[in-house]
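Undergrad: let me see the structure of the following:
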Amino acid sequence: MTRAWAGVDIGREHHHVAVVDGDGIRVFSRRIANDETALLEAIGVRGLAEEMTWAIDLHSSESVLLLTLLLDHGQKIVYVPGIVVNRAAEGYRGAGKTDAKDALIIADQARMRRDLTVVDGDDDLVVELRMLVARRKDLAADRTRAINRLHDQLLAICPALQRILDLTTKGPLTLLTGFQTPAELRAIGLDGLTTWLKDRKVRNAATLAAKVVTAAQSQHTTLPAERTAALLTTQLVQGVITLNEQLKDLDELIEDRFRCHPSAEVICSMPGIGVMLSAEFIAATGKMSRFTSADQLASFAGVTPQPRDSGRVSGNLHRTQRYSRPLQRVFYTSALLSIQSCPDSRRFYDRKRAEGKRHTQAVLALARRRVNVLWALLRDNRTYQPAPPLTLAAA
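TA: Model (predicted):
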């Protein structure tokens, strides 16, 4: 055979590999263990054809070993999104779903399609940032979950106390490590609580103490199982404090690794994009050489509207269904922040709103414009300036 396509249905313990020839006929199908020896043996099927293209449906930790081995052996790899495999399955014979069938569909789609993304290896810095950003996302979600549980637990002790405490700040969390019930707060009193908070270097200790003691004096009824609720509150508070410390250390590590990236200064110069969003941008895009134009980057970020016309109905633009959610978050969030800090972004947003656009539509339009700006900065390797540089002709 001159050409062949190998589709791999990725799994944790095993992958299923199916190979099709130029006519779409299956010539190989086997379940392969996810370990180096078995995968190297499977890569040997490249001898079935002069040119072999590999296709995967999952680009995550389960496929790292396989991708590394394939790239080390100089193999071409393309990515077939899971939604493409799912929708294409309806056009194949049989209603059942198996790993072997999925691998065959992946291989056949790679054979027929020319719009699939080519997978190439990222350097260690990008991989590190991707891991760190994912870890930070998990920790932030854990902290939000713990704070919500803490709010619920405080409602079982004193609703007035729960209502006045901002559990995202250090002061209230420090307070709850020592006092959880209204009776304890009334017993120590305003002066005693103020001194206790100042000894632990809590800002605005007197103001916080006054609010808490006032809330405690508004409730003299002891709610059921108050002691148990207080114990659980202490444990939840310690968990939130621990998560805050982990996030602080992780943010420092992310910033340290991000500053090593050659485009760090260029990306951070854009209004509204700080270190964290910049790190998320690098983690989502990897090598910028994968994008041949700003339009391609915008499409990948999901900020380019797609037409959905039929018959006499035309002019309907909708958000694309296939895009990078993390990258869209970077551009959308940075656009929101730039409206507050950048006069040019504010004028653009106000103009779109005056045209009748909704808030979300105006922000997405601004995000799309900012893709062009960031693309040009990265292409020219220069930092953002409010006024565009003079062209040679203008000079």
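Undergrad: going forward, measure contacts between C-alpha atoms and count neighbours the same way
TA: Will do.
Undergrad: the residue sitting nearest the centre point of the chain: which element?
TA: If you average the C-alpha coordinates of the chain and look for the closest C-alpha using Cα atoms, centre = their mean, you land on Pro326, 3.7 Å from that point. Under the criterion DSSP states H and E, the helix or strand holding Pro326 is helix 325-341.
Undergrad: try Ala18
TA: strand 14-20.
Undergrad: residues contacting the closest residue to His59 other than its chain neighbours?
TA: Of all residues beyond its chain neighbours, the one nearest His59 is Tyr79 (7.6 Å), with distances taken as Cα to Cα, 6 or more residues apart in numbering. Counting by Cα atoms under 8 Å, 6 or more residues apart in numbering, Tyr79 touches 55-59, 116-119.
Undergrad: what's the answer for Glu226, then?
TA: If you count contacts by Cα under 8 Å, 6+ apart, then Glu226 has 156-157, 181 around it.
Undergrad: looking at these, which is nearest Ile25?
TA: Looking at those and their distance to Ile25, the nearest is Ala156, at 65.2 Å (Cα to Cα).
Undergrad: how near is that closest one to Thr221?
TA: Computed as Cα to Cα, to the nearest Å, the Ala156 to Thr221 distance reads 12 Å.
Undergrad: follow-up on the earlier one: for the helix holding Pro326, what is the average pLDDT?
TA: Mean pLDDT, computed over helix 325-341, is 94.
Undergrad: show me which residues of the following helix or strand past that helix are buried.
TA: In the C-terminal direction, the helix or strand that comes right after helix 325-341 (DSSP H and E) is helix 343-354. By neighbour count with 16 or more other Cα atoms under 10 Å, helix 343-354 contains the buried residues 345-346, 348-350, 352-353.
Undergrad: just the pLDDT at Gly82, thanks.
TA: Here, the pLDDT recorded for Gly82 equals 87.
Undergrad: cool, and the one 3 residues further on?
TA: At Val85, the pLDDT value in this model is 91.
Undergrad: please tell me how far it sits from Glu252.
TA: 40 Å.
Undergrad: likewise Leu243?
TA: For Leu243, the distance to Glu252 equals 14 Å [Cα to Cα].
Undergrad: who has more neighbours, these two?
TA: Neighbours per residue, other Cα atoms under 10 Å: of Leu243 and Glu252, the larger number sits with Leu243, 18 against 11.
Undergrad: where does the prediction get shaky in the stretch 1-150 of the chain?
TA: The stretch 1-150 of the chain contains residues with pLDDT under 70 at 1.
Undergrad: got the residue ranges for the helices in it?
TA: Shown for the stretch 1-150 of the chain, the helices assigned by DSSP state H, counting those that start in this stretch span residues 36-43, 64-72, 82-88, 99-112, 124-155.
Undergrad: most tightly packed of those helices?
TA: helix 99-112 (a mean of 24; mean count of other Cα atoms under 10 Å).
Undergrad: tell me which stretches of the stretch 151-300 of the chain form helices.
TA: Going by DSSP H, counting those that start in this stretch, the stretch 151-300 of the chain shows helices at 159-164, 170-178, 182-199, 205-217, 226-258, 264-268, 275-285, 294-301.
Undergrad: among those helices, which comes closest to Leu67?
TA: Scanning the helices of the stretch 151-300 of the chain with Cα to Cα as the criterion, the closest one proves to be helix 275-285, at 17.5 Å.
Undergrad: can I get the closest one in CSV, CA atoms only?
TA: Taking Å, rounded to 0.1, in the frame of the first residue of the first chain, the C-alpha atoms of helix 275-285 are listed here in CSV:
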residue,chain,number,x,y,z
VAL,A,275,-0.1,36.7,34.2
MET,A,276,-2.8,34.1,34.9
LEU,A,277,-4.7,34.7,31.7
SER,A,278,-1.5,34.8,29.7
ALA,A,279,-0.5,31.4,31.1
GLU,A,280,-3.9,30.1,30.2
PHE,A,281,-3.4,31.5,26.7
ILE,A,282,-0.1,29.6,26.2
ALA,A,283,-1.6,26.4,27.7
ALA,A,284,-4.5,26.5,25.3
THR,A,285,-2.6,27.4,22.1
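Undergrad: neighbouring contacts of that helix?
TA: Here helix 275-285 makes contact (Cα under 8 Å, 6+ apart) with 126-127, 129-130, 133, 251, 254-255, 258, 264, 267-268, 324, 326-327, 330, 334.
Undergrad: got the angle for it vs helix 325-341?
TA: An angle of 150 degrees separates the directions of helix 275-285 and helix 325-341 when computed by axes from the mean of the first three to the mean of the last three Cα atoms, to 10 degrees.
Undergrad: let me know the angle separating helix 275-285 from helix 294-301.
TA: Inter-element angle recorded for helix 275-285 and helix 294-301: 100 degrees (by the same axes, to 10 degrees).
Undergrad: please state the offset of helix 275-285 from the chain centre?
TA: For helix 275-285, the distance from its own C-alpha centre to the chain's C-alpha centre is 9 Å (Cα atoms, centre = their mean, to the nearest Å).
Undergrad: pLDDT on it, on average?
TA: With pLDDT averaged residue by residue, helix 275-285 scores 94.
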